[in-house]
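The following block contains a protein sequence and its predicted model.
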Amino acid sequence: MYNFSIKIDDKEHSLNAENGISMNLIAELLKDLYKAIDLKDGVKCTLSSIRGNCYALDFSSDHKTHLERFKVVHRNIEGASIQDLNFEQRNYAKTLKKVMDGKFYVNAYDENKNKIASINEIKTGKSIKYYYTQKTIYGYLSELGGKTLNSKSKHIIIDGYSYQIKISKDLDLKLKDFYRTQKLAVKIRIKRTFEKGSVLEAEMIDFKKVGKLTLSENLKNEGYIPFEKINNLNSLDGIIEAIYGNN
């Protein structure tokens, strides 16, 4: 059996069995902590006791992974801002903030009563609003240009890809010969929202022609193929990118 605990306290040690944390807050705290460490396989983690001196919650589980996740959750909350936590950890941290109410601190302990983390405040930090990813898409150039003839902002659309892709003036000139005539491998940078990963915009980095021959004919023309690069790949796009250097 693995045991671990959190202790809610203040400098005056004012909490005890009679002067503790409200039941509704403790219920919310337990629910969100469980979701943050849940193994989703039916293994139980129980509240084994509540100690009134200082106010400590003791937990027990016969699965070590509960203990390890408990450690990770509290160390993350101690060291990171709330925006850097995953969804379950963030919800638990928000509830922990309500319980602390600007008056208390929380210590987390492992099975040997060693302190795992000491949380005096929930760090808010600066919210990350977006991030970037890269990918290579394949298809024919079905739209090229701007909103007007004199538009400074240029874009393309690759047939089968849902979003406009911004391009530079140089790429605009290079792409004219491939309009609706040649399948391309287009490497793009995608700007996504941090919360949901939704696409905000896409921008072309580079492109290469994809031959009109069959795959076997293209591979023969390629000559030497470094099979160690494609040994563990399980998609056609991944294999093509590895062979033609689009990664």
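Arrived safely, thanks for sending. Numbering: from 1, shown residues only.

got the buried residues for the longest strand anywhere in the chain?
Looking across the chain with DSSP state E, the single longest strand is strand 130-145. Under the neighbour-count criterion of 16 or more other Cβ atoms under 10 Å, strand 130-145 has 136, 137, 138, 140, 141, 144, 145 buried. Where you see a C-beta, it was placed from the backbone N, CA and C, and this is true even at glycine.

Take the residues you listed and lay them out in JSON lines including pLDDT.
Putting those into JSON lines (pLDDT from 0 to 100) gives the following:
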{"residue": "136", "pLDDT": "91"}
{"residue": "137", "pLDDT": "92"}
{"residue": "138", "pLDDT": "92"}
{"residue": "140", "pLDDT": "92"}
{"residue": "141", "pLDDT": "92"}
{"residue": "144", "pLDDT": "88"}
{"residue": "145", "pLDDT": "79"}
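
Let me have those residues in a markdown table, adding distance to residue 48 as columns.
Listed next are the buried residues of strand 130-145 as a markdown table, based on distance: Cβ to Cβ, whole Å:
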| residue | distance to residue 48 |
| --- | --- |
| 136 | 53 |
| 137 | 54 |
| 138 | 57 |
| 140 | 64 |
| 141 | 65 |
| 144 | 67 |
| 145 | 68 |
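
For the longest strand of the chain, name the packing helices and strands.
strand 154-158, helix 169-175, strand 183-193, helix 236-244 (3 or more Cβ pairs under 8 Å, 6 or more residues apart in numbering; DSSP states H and E).

rerun at 6 Å
strand 154-158, strand 183-193 (3 or more Cβ pairs under 6 Å, 6 or more residues apart in numbering; DSSP states H and E).

Please state the offset of it from the chain centre?
22 Å (Cα atoms, centre = their mean, to the nearest Å).

Need the nearest residue in space to residue 7, chain neighbours excluded.
In space, and not counting its chain neighbours, residue 7 is closest to residue 56: 4.3 Å by Cβ to Cβ, 6 or more residues apart in numbering.

now the helices for this protein?
With DSSP state H, the ranges of helices along the chain come out as 23-37, 64-79, 87-100, 169-175, 215-222, 227-230, 236-244.

looking at those, which is closest to residue 111?
helix 64-79 (6.4 Å; Cβ to Cβ).

Contacts for that closest one, please.
2, 4, 36-37, 39, 45, 85, 89, 93, 108, 116-117, 119 (Cβ atoms under 6 Å, 6 or more residues apart in numbering).

If we only consider those, which is nearest to residue 163?
For these, the nearest to residue 163 is residue 85 (29.4 Å; Cβ to Cβ).

quick one on the thing from earlier: so which of the helices and strands packed on strand 130-145 has the densest surroundings on average?
strand 154-158 (a mean of 21; mean count of other Cβ atoms under 10 Å).

what inclination does it have with respect to strand 183-193?
110 degrees (axes from the mean of the first three to the mean of the last three Cα atoms, to 10 degrees).

what's the angle from strand 154-158 to strand 130-145?
Using the same axes, to 10 degrees: strand 154-158 against strand 130-145 is 90 degrees.

List the strands paired with strand 154-158, with their directions.
strand 130-145 (antiparallel), strand 165-167 (antiparallel) (DSSP bridges).

Of all residues in this structure, which one is nearest the centre?
For the chain, the residue sitting closest to the mean C-alpha position, by Cα atoms, centre = their mean, is residue 86 at 7.2 Å.

Brilliant, that's me finished.
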